[in-house]
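Student: build me a model from this:
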Amino acid sequence: MAIKGPRTVYACQGCGFQSRKWLGKCPDCGEWNSFVEEVERSTKKDGVTLSRGGLKLHDNKPVRFNEIEAQDDSREMTGIEEFDRVLGGGIVPGSLVLIGGEPGIGKSTLLSQVADRLSELYGNVLYVSGEESERQIKLRGERLGIHPMGLFLLSETNLEKVFDEINRLQPQAIIIDSVQTIYSNKLESAPGSVSQVREVAGQFLLLAKNLTVPVFLIGHVTKDGMIAGPKALEHIVDTVLYLEGERHHNHRILRAAKNRFGAANQLGIFEMTSRGLIGVPNPSEMFLSERPLGASGSAVVAAIEGTRPMLVEIQALVSSSKFGTGRRTTQGVEINRVALLVAMLEKRVGFHLSGDDIFVNLVGGISIDEPAVDLGVVAAIASSFRNIPINQNTVVFGEVGLAGEVRGDQPCRCTSQGSRPNGI
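Tutor: You can find the predicted model right below:
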């Protein structure tokens, strides 16, 4: 009688869809050449393991809703105001936080500073790195000027060994850098595969909830800027943070894409210095610090990201084209929205913009998708087209409809200390 070997499946590395045979295109997410052969995980019938590495986890039992104590006041403050703001007011014990961003954007730097503050305030913190050695992490810490006594460094990629150290140390917070480098011996697939990432994230979620310890996971991103791995990874965690910013700008933006314990799309502004990331308490002052006065095509817009209002500058440049068909280039605002507003100006206002090149830029490298920036885009384009500067004390905000109307209770949402500009 022939002995059956382990069965293999082909899993899409983009969404986790599985197939018995190799496919060139994933029928679920549409990615090409994303299927990788993996060994199918067998389900054991001889019991359920509650933990890995010998961790002692308590059994869960049903609890009455009225008997559960409220935890509104149990958040742990790190002392980094911008980081606490994005999390909704502090770290919730037992939460699983995923932080993504481009390579070199400052994810490890930010979490090194967070680990320093947590170790000083609450006790031991374990920093697990699968990409750097302890000496490299120590070198970065010395550059940042941190000397925490309760921070423990571990260079390890095996999940079971990491859990053994957690069981021995009993830390108050855990940082994993990064989740794609950790693998489990229970699975035969390679580190970073769909099954490994899902298994590792699920085990850390189980650990965080049972031990009431906050866990931070650093995740790699794809070329599209999304966190690498299956989409289920973002559904498993409690909070998803993205660290954004241009390499040629000194500031970084920490954005909450998902947060079960606070407002989504919350924003935190940091400045990258030689001493690490420093919070910016007044981002409007930073974004408007180099605004040119008396120049056409510049408008100040009031926008709200999460629960935080801020003033940003929108610049537009309308230039005649020799090819008859103008192009549209945008940065920081959606290009399709700008094309719609340009078409509205042509139809409702009578501007002939079809043959002109239009460039729109949100100064500072920030991206905003709020509809209230519509009126600012329209004002900046009209100012550049007519070559008439907008009053420097004017703030513009409002959603613009296809009929050319400003949506809202008031017919216009322009506030200015002086008179409204003529001709716009």
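Student: which residues of this protein score low on pLDDT?
Tutor: For the chain, the stretches flagged by pLDDT under 70 are 1-6, 40-60, 71-73, 223-225, 228-230, 409-424.
Student: quick one, longest strand in it?
Tutor: Longest strand of the chain, by residue count under DSSP state E: strand 308-320.
Student: next secondary structure after that strand?
Tutor: As assigned by DSSP states H and E, the chain's next helix or strand after strand 308-320 is strand 328-331.
Student: the longest strand of the chain: how far from the chain's middle?
Tutor: Taking the mean of its C-alpha atoms, strand 308-320 sits 23 Å from the chain's own mean (C-alpha atoms, centre = their mean, to the nearest Å).
Student: other SSEs contacting it?
Tutor: For strand 308-320, the helices and strands in contact under the criterion 3 or more C-beta pairs under 8 Å, 6 or more residues apart in numbering; DSSP states H and E are helix 283-287, strand 298-305, strand 356-362, helix 374-386. From N, CA and C alone the C-beta is placed, and that goes for glycine too.
Student: show residues contacting it.
Tutor: 85, 266-267, 283-284, 287-288, 291, 297-304, 333, 353, 355-364, 366, 368, 373, 376-377, 380-381, 383-385, 395 (C-beta atoms under 8 Å, 6 or more residues apart in numbering).
Student: what do you get for stretch 255-268?
Tutor: 82-83, 85-89, 92, 95, 234, 237-244, 253-254, 279, 283, 305-308, 310.
Student: which among the residues you listed end up buried?
Tutor: Those of those that meet the buried threshold are 82-83, 85-88, 92, 95, 234, 237-244, 253-254, 279, 283, 305-306, 308, 310, by 16 or more other C-beta atoms under 10 Å.
Student: circling back: residues of the longest strand of the chain that come out buried?
Tutor: Neighbour-count burial for strand 308-320, counted by 16+ other C-beta under 10 Å, picks out 308, 310-318.
Student: report the inter-axis angle for it versus helix 374-386.
Tutor: Between strand 308-320 and helix 374-386, the angle comes out at 30 degrees (axes from the mean of the first three to the mean of the last three C-alpha atoms, to 10 degrees).
Student: got the CA positions of strand 308-320 in PDB?
Tutor: Extracted in PDB, the C-alpha atoms of strand 308-320 (Å, rounded to 0.1, in the frame of the first residue of the first chain):
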ATOM      1  CA  ARG A 308      -7.600  67.200  13.500                       C
ATOM      2  CA  PRO A 309      -8.200  70.400  11.500                       C
ATOM      3  CA  MET A 310      -5.200  71.900   9.600                       C
ATOM      4  CA  LEU A 311      -4.400  74.500   7.000                       C
ATOM      5  CA  VAL A 312      -2.600  73.400   3.900                       C
ATOM      6  CA  GLU A 313      -1.500  75.100   0.700                       C
ATOM      7  CA  ILE A 314      -2.700  74.100  -2.800                       C
ATOM      8  CA  GLN A 315      -0.700  75.300  -5.800                       C
ATOM      9  CA  ALA A 316      -1.900  75.100  -9.400                       C
ATOM     10  CA  LEU A 317      -0.100  76.000 -12.600                       C
ATOM     11  CA  VAL A 318      -2.000  76.400 -15.900                       C
ATOM     12  CA  SER A 319       0.300  76.600 -18.900                       C
ATOM     13  CA  SER A 320      -0.600  76.600 -22.600                       C
END
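Student: so what are the sheet partners of it and their directions?
Tutor: Strand pairing for strand 308-320, determined by DSSP bridges: strand 298-305 (antiparallel), strand 356-362 (antiparallel).
Student: what does the longest one contact?
Tutor: What it means is strand 298-305. Contacts with strand 298-305, where a contact means C-beta under 8 Å, 6+ apart, come from 255, 265-267, 288, 291-292, 309-316, 368, 370, 372-373, 375-377, 379-380, 383, 389-390, 394-397.
Student: show me where the stretch 1-150 of the chain has strands.
Tutor: Shown for the stretch 1-150 of the chain, the strands assigned by DSSP state E, counting those that start in this stretch span residues 8-12, 18-19, 35-39, 96-101, 125-129.
Student: which among the ones you listed is found nearest to residue 205?
Tutor: The closest of these to residue 205 is strand 96-101. By C-beta to C-beta, the value is 5.1 Å.
Student: quick one: list the elements packing against that closest one.
Tutor: Partner elements for strand 96-101 (3+ C-beta pairs under 8 Å, 6+ apart): helix 107-121, helix 194-211, strand 215-219, helix 232-236, strand 239-244.
Student: for these, which one sits closest to residue 14?
Tutor: Closest of those to residue 14 is helix 194-211, at 8.5 Å (criterion: C-beta to C-beta).
Student: for the closest one, packing partners?
Tutor: Applying 3+ C-beta pairs under 8 Å, 6+ apart, we find helix 194-211 packed against strand 8-12, strand 35-39, strand 96-101, helix 159-169, strand 173-177, strand 215-219, helix 232-236.
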